[in-house]
Each structure stands twice: as structure tokens, then as C-alpha cells.
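J.: Mind looking at a prediction? Sequence and model below.
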Amino acid sequence: ELDAVIGRDRLPTFDDRPRLPYIEALCKELMRWHVVGPVGLPRSSSKDDVYRGFFIPKGSVILTNAWAILHDPETYPDPEEFKPERFLDEDGSVRDDPALSLVFGAGKRICPGRHLVDATIFIVTSSVLSVFNVTKAKDENGNEIPVKAAVSISSGTAV
Ligand code: HEM
């Protein structure tokens with residue numbers, strides 16, 4: 001797609017974005033697949049409430065389970081698989097998905113950096129893929145080394 005739309009003599013720009021539906025879908029899948037903050041930041045209920053028959057006492061800690069929502073197999077078949085195509089319609093156009101914004105929280109404290117993140121992911125992803133072939137590393141026998149997603153703690157920070 002990048003070669004067809006942009007050619008090989010320049011890098012992508014933001015003006016190219018509407019003409020790069022596969023890259024757009026790739027960016028969406030990047031956000032969905034391994035949600036950076038799986039349960040966002042906690043909220044506290046300011047008064048007693050009832051939601052769908054569940055009593056929620058004042059002072060309860062409430063988490064938004066963005067991971068569960070964005071890995072619901074009914075909405076995202078094979079949710080653990082990285083499949084950008086899931087965000088493309090049959091005619092190749094990009095499918096909008098309002099649930100993706102949950103990656104950045106919800107309500108009046110939603111992440112104000114989300115537009116910067118969105119723009120950065122697009123320009124970095126499209127630029128890297130324009131100039132590099134990204135493949136799996138190979139072991140000494142020439143076999144591909146499987147990539148495993150992992151989270152670890154370094155200096156008290158999850159990386
Ligand atoms: C992948 C990158 C990022 C993710 C996944 C992310 C996610 C989040 C989440 C889940 C929250 C909590 C929202 C809520 O309470 O509902 C948040 C808050 C916030 N984020 Fe981000 N964020 C990212 C990058 C950034 C960047 C680049 C900036 C600034 C340039 C930023 C600035 C903030 C600030 C200031 C808040 C606090 C907002 C408030 O409490 O009113 N974030 N972010």
C-alpha cells in the first residue's frame with residue numbers, strides 16, 4: 001500500500017493518511033491488541049447508585065476494563081491475534097470503532113495526549129514501514145524466532 005500510494009522517493013506525510021486505509025487499520029489494531037493501560041485509572045463513586053440491578057455503594061473503586069471490551073470475541077474474533085484487517089470493511093474502507101477510545105480512559109478526565117499519540121503512531125509506523133522490511137529475527141539455524149509479547153518491571157515501571 002505504501003509503495004503504491006506514496007512511491008519510493010519520499011516519506012509519508014499526514015496528508016497521505018486518508019489514502020492509507022491499511023496503515024490506518026494497523027494503527028487501530030496496535031492500540032487494541034495490547035492495551036497499554038488495560039483498566040485505565042480508577043474512579044470513586046460519589047454516591048450510592050444502582051446499575052443494571054447491581055448496587056454500587058458510595059466510595060466504591062470503579063475500573064474501566066478496556067482490555068475485556070477490546071478483547072470481546074463477539075466483536076473482535078480471535079482477539080489475541082494481531083489482525084489489522086478486522087478494521088477494514090469489504091470495500092477496503094476503514095471501519096470506525098468508538099470503543100477504541102477506551103484505551104485513553106473515558107469521561108472528562110480522558111487522556112488529553114490521545115491526539116498526539118494517534119498522530120505519532122501513524123507517522124512512525126508508516127515511516128518505518130516505508131524504508132524497512134520488518135521481519136522476525138532468525139536463530140543460528142536460520143529458523144525464525146517467535147515474537148512473544150511480555151511485560152516486565154524495571155526500576156518500578158512496567159515496560
Ligand atoms: C499510548 C500512549 C498513551 C496512553 C495509552 C494514555 C492513556 C491514558 C489514560 C488511560 C489516562 C487516564 C484517563 C482517565 O482517567 O479516564 C490518561 C490520562 C492522561 N494522559 Fe495519557 N496516555 C498516553 C499518552 C499520553 C501523552 C503523550 C500525553 C501528553 C502529551 C498524555 C497526557 C495525559 C494526561 C495529562 C492525563 C491526565 C488527564 C486528567 O486526569 O485530567 N498521555 N492517559
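T.: Happy to help now that I have it. Numbering: from 1, shown residues only.

J.: and the protein, which of its residues are near the ligand?
T.: Residues of the chain found near the ligand (CB under 6 Å from any ligand atom) are 36-37, 40-41, 103-107, 109-113, 116-117. The way it works is simple: take the backbone N, C-alpha and C, and place the C-beta from them, glycine included.

J.: Among the residues you listed, which are located in helices?
T.: Among those, the members found in helices (DSSP state H) are 116-117.

J.: State the pair within the residues of the chain next to the ligand that is farthest apart.
T.: Spanning the widest gap among the residues of the chain next to the ligand are 107 and 116, at 19.4 Å by CB to CB.

J.: quick one, what contacts residue 21?
T.: Neighbouring residues of residue 21 by CB atoms under 8 Å, 6 or more residues apart in numbering: 1, 88, 92-94.

J.: let's go with 10 Å and repeat that
T.: 1, 5, 84, 87-89, 91-95 (CB atoms under 10 Å, 6 or more residues apart in numbering).

J.: For it, report the pLDDT, please.
T.: Residue 21 is assigned 98 on the pLDDT scale.

J.: and which of the residues of the chain next to the ligand is nearest residue 77?
T.: residue 103 (19.5 Å).
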